[in-house]
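*Asks:* Attaching a predicted model along with its sequence, questions to come.
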Amino acid sequence: MMNQDLKEKLFAHIAANVQDKKIILDTINGTMDHIHALILLKPDQSLSKVIQLIKGESSYWVNKNKITRFHFEWQDEYIALSVSESAIAVVRDYIANQEIHHRKKGFAEEYEEFMKIHGLKPE
């Protein structure tokens, strides 16, 4: 779980780090237990490598700089979805309003609902 201070520092660090790695991070936001990011992949970038770079480097940075009193790590899993150009504005808005959205529906509930609607099963 991350507090507001960690969240702000972490998102600023992730944004700077991905820029250095030529990863296009369009939007990032989240709540205390997960984040959402809109990332534009270049043809030579793989999704798994980009996620690995973001998660691995950011958790290393948090722990190395003792940003928290506890050991910080991301969960192993992630969900990635493609977004059509026509839906980018809606996705940006959704990401920007994470705190408001999750006051109405928690992450676990949203995740289960999403998986059911789209006929997906977690591996």
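*Replies:* Yep, it's here. Numbers count the residues shown, from 1 in each chain.

*Asks:* Let's see the helix or strand where residue 17 lies as CSV, backbone CA atoms only.
*Replies:* Taking DSSP states H and E as the definition, one finds residue 17 inside helix 4-20. C-alpha atoms of helix 4-20 as CSV (Å, rounded to 0.1, in the frame of the first residue of the first chain):
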residue,chain,number,x,y,z
GLN,A,4,0.0,10.0,-0.9
ASP,A,5,3.6,11.1,-0.4
LEU,A,6,5.0,7.9,-1.9
LYS,A,7,2.5,8.0,-4.7
GLU,A,8,3.5,11.5,-5.8
LYS,A,9,7.3,10.7,-5.6
LEU,A,10,6.8,7.4,-7.3
PHE,A,11,4.8,8.7,-10.2
ALA,A,12,7.2,11.6,-10.7
HIS,A,13,10.1,9.2,-10.7
ILE,A,14,8.4,6.7,-13.1
ALA,A,15,7.7,9.6,-15.5
ALA,A,16,11.3,10.8,-15.5
ASN,A,17,12.7,7.3,-15.7
VAL,A,18,10.6,6.2,-18.7
GLN,A,19,11.4,9.4,-20.5
ASP,A,20,15.1,8.5,-20.1
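
*Asks:* Which parts of it count as buried, going by neighbours?
*Replies:* Applying a neighbour-count criterion of 16 or more other Cβ atoms under 10 Å, one finds 7, 9-11, 13-14, 17-18 buried in helix 4-20. Glycine gets a C-beta too; all of them are placed from N, C-alpha and C.

*Asks:* chain center to the least confident helix or strand in the chain by mean pLDDT, what's the gap?
*Replies:* Least confident helix or strand, the chain: helix 98-104 with a mean of 72, by mean pLDDT, DSSP states H and E. Distance of helix 98-104 from its chain centroid, counting by Cα atoms, centre = their mean, to the nearest Å, is 15 Å.
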